[in-house]
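> sequence and predicted model, in that order:
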Amino acid sequence: AHGAAGGAAAPQPVATGRYCRMYQSLIRQQDARLQELMAQLEGLLHHNQSLQGALNDSLSANSHLKDENTLLKAQVSAANSLPSQAPPPPTFDESRVQDYEGKIQGLAAEVTRLTTELKTSQEGQKSLSEELERVRKDQDDLLELLADQ
């Protein structure tokens, strides 16, 4: 009975070594994937920051143009309400108002586009973060299995 136990024990170190190499290979692959995901996440974070900056710039410009447009409309309204004996009203350039309204519409479209792009970027970032967590958990599980071997 003792010889049978000794015969069964001999293949075990070979199998253990093979499992160790297999786990080490898996861990290396997961480490590489982890690094890749972290680099992608970092890139998305930088892209997200630049989109946020562009969005803030567009919102600021849009607000400024709306204020200018309101001022121009108030000037037109004031000029139209002057009595006829008053000095001639200041010249009003309708094309400027149309130009500003066009710019406002363009900026509103840009804000919408940037907001959509920002949401898409945030969703991609969330997806990568979730995948990163899954890979980390898998790696921890493999390390526990390796430690148990």
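Thanks, I have the structure now.

> quickly find the element holding Leu146.
Leu146 belongs to helix 94-148 when assigned by DSSP states H and E.

> I'd like the average pLDDT over that helix.
Mean per-residue pLDDT for helix 94-148: 90.

> check stretch 55-74 too.
Stretch 55-74 shows a mean pLDDT of 88.

> residues in contact with His64?
The neighbourhood of His64, defined by CB atoms under 8 Å, 6 or more residues apart in numbering, contains no residues. The C-beta positions use only the backbone N, C-alpha and C, and glycine is treated the same way.

> and if you look at the one 5 residues further on?
Residues near Asn69 by CB under 8 Å, 6+ apart: Val97, Tyr100, Glu101, Ile104.

> for this structure, longest helix please?
In the chain, ranked by residue count with DSSP state H as the criterion, the top helix is helix 11-80.

> distance between that helix and the chain's centre?
Its chain's C-alpha centre lies 3 Å from the corresponding centre of helix 11-80 when counted by CA atoms, centre = their mean, to the nearest Å.

> tell me how far the helix holding Leu146 is from the chain's mean position?
3 Å.
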